[in-house]
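Trainee: Below are the sequence and a predicted model; questions follow.
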Amino acid sequence: MPTARWLVSFVIPLVGCAEPRTATSPTAPVAVPTVPAASAPSVTPRGRIARREELYLPMSSDAGLSAPAPDASTTEGRLPPETIRRVIRSAFPRFRKCYEVALAANPNARGGVSSRFVIGLDGVVELVYSEAMDASIPASMVDCISNVYLRVEFPPPLDGKVMVTYPIDFQNEK
């Protein structure tokens, strides 16, 4: 008879749940809000840069995370090396500012930062991985360097994305 008790204890709650609902007064119709048509997504590099800034997470060693290095197998495009150098050199004042901030915290900071980044089809840097080549370079400077690369715009490459490795050496001139 234990099976019968179990069956009764299972059926009674189900029957209780199946009670008909009491009638309630009808509610007034609710207006369905109209949603404006979505505008076309921005395809300008500036729009992509603004969205990237919202999503950027510094990948310093202090954060306990490591950024994946760009994968060479996904980049087959071409951009002349002199064009890459010219664009990066135009960003040197911003790289220098990163170094000056690091010097304010540590006057002995010096050494290189090597960055590997992917230039997208529209010339905007899509992914960057930077690492200090010297222990005196703080993680905040490495993050700053990565942020500068994310704001640099190159001419659109031919035939696909381009992966670049670019080391920069920082020396205190004082």
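Mentor: Great, that's in hand.

Trainee: give me phi/psi at Arg86?
Mentor: In this entry, Arg86 is assigned phi and psi values of phi -60, psi -50 (degrees, to the nearest 10).

Trainee: tally of neighbours for it?
Mentor: 12 (other Cβ atoms under 10 Å). In this view, the C-beta of every residue, glycine as well, is placed from N, C-alpha and C.

Trainee: distance of it from Ala132?
Mentor: With distances taken as Cβ to Cβ, to the nearest Å, Arg86 is found 25 Å from Ala132.

Trainee: try Val164
Mentor: Counting by Cβ to Cβ - Val164 and Ala132 are separated by 18 Å.

Trainee: Below-threshold pLDDT in this protein: ranges please.
Mentor: Applying pLDDT under 70 to the chain picks out residues 1-75, 174.

Trainee: all strands of it, in order?
Mentor: Remark: strands of the chain, listed N- to C-terminal, are 111-119, 125-132, 162-170; assignment by DSSP state E.

Trainee: With mean neighbour count and distance to Leu79 as new columns, can these be given to me in JSON lines?
Mentor: Supplementary listing: the strands of the chain in JSON lines, determined by neighbours: other Cβ atoms under 10 Å; distance: least, Cβ to Cβ, whole Å:
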{"stretch": "strand 111-119", "mean neighbour count": "20", "distance to Leu79": "6"}
{"stretch": "strand 125-132", "mean neighbour count": "21", "distance to Leu79": "12"}
{"stretch": "strand 162-170", "mean neighbour count": "17", "distance to Leu79": "5"}
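
Trainee: Can I get the ones you listed in a markdown table including distance to Ala102?
Mentor: As requested, those are exported to a markdown table (distance: least, Cβ to Cβ, whole Å):
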| stretch | distance to Ala102 |
| --- | --- |
| strand 111-119 | 10 |
| strand 125-132 | 10 |
| strand 162-170 | 8 |
